[in-house]
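Undergrad: need a 3D model of the following:
(one chain, ligands or ions: 1)
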Amino acid sequence: MSDKRAIGVFDSGMGGLTVARALRERLPHEDIVYLGDTARLPYGTKSPATVTAYALQATRALMKHDVKMVVIACNTASSVALEPLAHDLAPLQVVGVVEPGARAGLAATKTGRIGVLATESTVRGGAYLRAIRKYNPDTRIVQQACALFVALAEEGWTDGEIAHAAAARYLSPLFQTPSEAPDTLILGCTHFPVLAPAIAHVLGDTVTLVDSAATTAAAVAEALTKEQMTNDERHPGQNHFMATDGTERFARLGGLFFGQPIAPEDVELVDLQAGLSTTVQASP
Ligand code: DGL
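TA: Numbering: from 1, shown residues only. A predicted model of the protein is given here:
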């Protein structure tokens, strides 16, 4: 028995494509419907109430595509909206990225000192602190909000002088006292994996960088298998993209995050605020 329905994935913008990329690699037979709420990015500086409202609208748009599962490919939304979404969408399964990210960090650290780089909202909400301490209460965790990384990633400025300067500015406080420095950094925002080269440029190879993409894809694969909801193994998985603004830009820069080109005609413009995920006719 196979379940042909797509996996729904959403983020505030293109960052969640790093998770979609891992899903595409791990689950080559699954269809993916991705929504980037580019009109309202960033989520990471907004209040939990606003992010939760946006996340509910995004998932409802995905459900119009009859998805079999929703992946919140945004740490900010996972931090504040996983529970309300799971409640609102039940019995549909909702998977967030914070728990898989925390597990990836714990698997990588040797010293038990982990740094979390995230948006302001994720840092303020402390979801990573709770998720890591649930597994190991003795872990020493230091958090750093890196709001500018989101803008740099969306701009495609992922390496070079400006990215290096931003990385140095954000990271230096974490490494001031060598005996307390983390040996592992969790990239706790789905936009940050594309900045890994800039972060590595500043830190060298003494620190392990992990993110939640591969562990989230593994959690999704496990859940689909367990519920016997995988697609037919002869089916080549298809991708469908939606954005709430700038579809041409989404296609142009999205490939950087997704790891393969995205054709402009494959990106649908949708309006979440109308409460209906209808295709609108405005130019990109
Ligand atoms: N990519 C999102 C995250 O993982 C948020 C970026 C933003 O909208 O601020 O947190």
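Undergrad: can we go C-alpha only for contacts and neighbour counts from here?
TA: Noted.
Undergrad: what about the helices in the protein?
TA: 17-26, 48-63, 75-89, 98-108, 120-125, 127-135, 147-155, 161-171, 196-203, 213-226, 247-258 (DSSP state H).
Undergrad: and the pLDDT at the residue of the chain most remote from its centre?
TA: Distance from the centre of the chain peaks at Ser179, with 31.0 Å (Cα atoms, centre = their mean). If you check Ser179, the pLDDT there is 91.
Undergrad: who touches Val267 in this structure?
TA: Val267 is in contact with His240, Phe241, Met242, Ala243, Thr247, Glu248, Phe250, Ala251, counting by Cα atoms under 8 Å, 6 or more residues apart in numbering.
Undergrad: same deal with Leu82?
TA: Contacts of Leu82 (Cα under 8 Å, 6+ apart): Ile72, Val94, Val95, Gly96.
Undergrad: by neighbours, which of the contacts of Val267 wins?
TA: Counting neighbours by other Cα atoms under 10 Å, Ala243 comes out on top of the contacts of Val267 with 28 neighbours.
Undergrad: and the gap between the residue nearest to that residue when sequence neighbours are not counted and Ala107?
TA: Closest residue to Ala243 apart from its sequence neighbours, by Cα to Cα, 6 or more residues apart in numbering: Gly36 at 4.8 Å. Distance of Gly36 to Ala107, given as Cα to Cα, to the nearest Å: 30 Å.
Undergrad: those two: which is more packed in?
TA: When Gly36 and Ala107 are compared for neighbours, Gly36 comes out ahead with 27 against 12, by other Cα under 10 Å.
Undergrad: residues touching that one, list them.
TA: Contacts of Gly36 (Cα under 8 Å, 6+ apart): Phe10, Asp11, Ser12, Gly13, Met14, Gly16, Phe241, Met242, Ala243, Thr244.
Undergrad: okay, now the closest residue to Val194 other than its chain neighbours: neighbour count?
TA: Leaving out its chain neighbours, the residue that sits closest to Val194 by Cα to Cα, 6+ apart is Thr158, at 6.2 Å. Counted with other Cα under 10 Å, the neighbours of Thr158 add up to 24.
Undergrad: report how many residues lie close to whatever residue of the stretch 101-250 of the chain ends up closest to the ligand.
TA: The stretch 101-250 of the chain approaches the ligand most closely through Cys189 (3.3 Å), counting by Cα to the nearest ligand atom. A count of nearby residues for Cys189, using other Cα under 10 Å, gives 29.
Undergrad: if I look at it, how far off is Ser12?
TA: Applying Cα to Cα to Cys189 and Ser12 gives a distance of 11 Å.
Undergrad: shared neighbours of these two, anything?
TA: Cys74.
Undergrad: pLDDT score for Ala108?
TA: Per-residue pLDDT puts Ala108 at 98.
Undergrad: what about it, how many residues close to it?
TA: The burial count for Ala108: 18, using other Cα under 10 Å.
Undergrad: does it touch Pro182 like I think?
TA: No: checked against Cα atoms under 8 Å, the pair Ala108 and Pro182 is beyond contact range at 11.2 Å.
Undergrad: where does the prediction get shaky in the protein?
TA: 275-284 (pLDDT under 70).
Undergrad: try it again at 80.
TA: Low-confidence segments of the chain (pLDDT under 80): 1, 274-284.
Undergrad: which bits of it sit near the ligand?
TA: Residues of the chain lying near the ligand by Cα under 6 Å from any ligand atom: 11-12, 15-16, 41-44, 74-76, 119, 150, 189-191.
Undergrad: redo that, cut-off 8 Å
TA: Residues of the chain lying close to the ligand by Cα under 8 Å from any ligand atom are 11-16, 40-45, 73-77, 118-119, 122, 147, 150, 188-192.
Undergrad: thinking again about what came up before, list the contacts of the residue nearest to Val194.
TA: Thr158 touches Leu152, Val194, Leu195, Pro197, Ala198, counting by Cα under 8 Å, 6+ apart.
Undergrad: in ChimeraX, select just the buried ones from the residues you listed.
TA: Only the buried entries of those go into this ChimeraX selection, using 16 or more other Cα atoms under 10 Å:
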select :152,194,195,197,198
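Undergrad: ok, now how distant is the closest residue to Ile72 other than its chain neighbours from Ala127?
TA: Nearest non-adjacent residue to Ile72, counting by Cα to Cα, 6+ apart: Gly96, 4.9 Å away. Computed as Cα to Cα, the Gly96 to Ala127 distance reads 11 Å.
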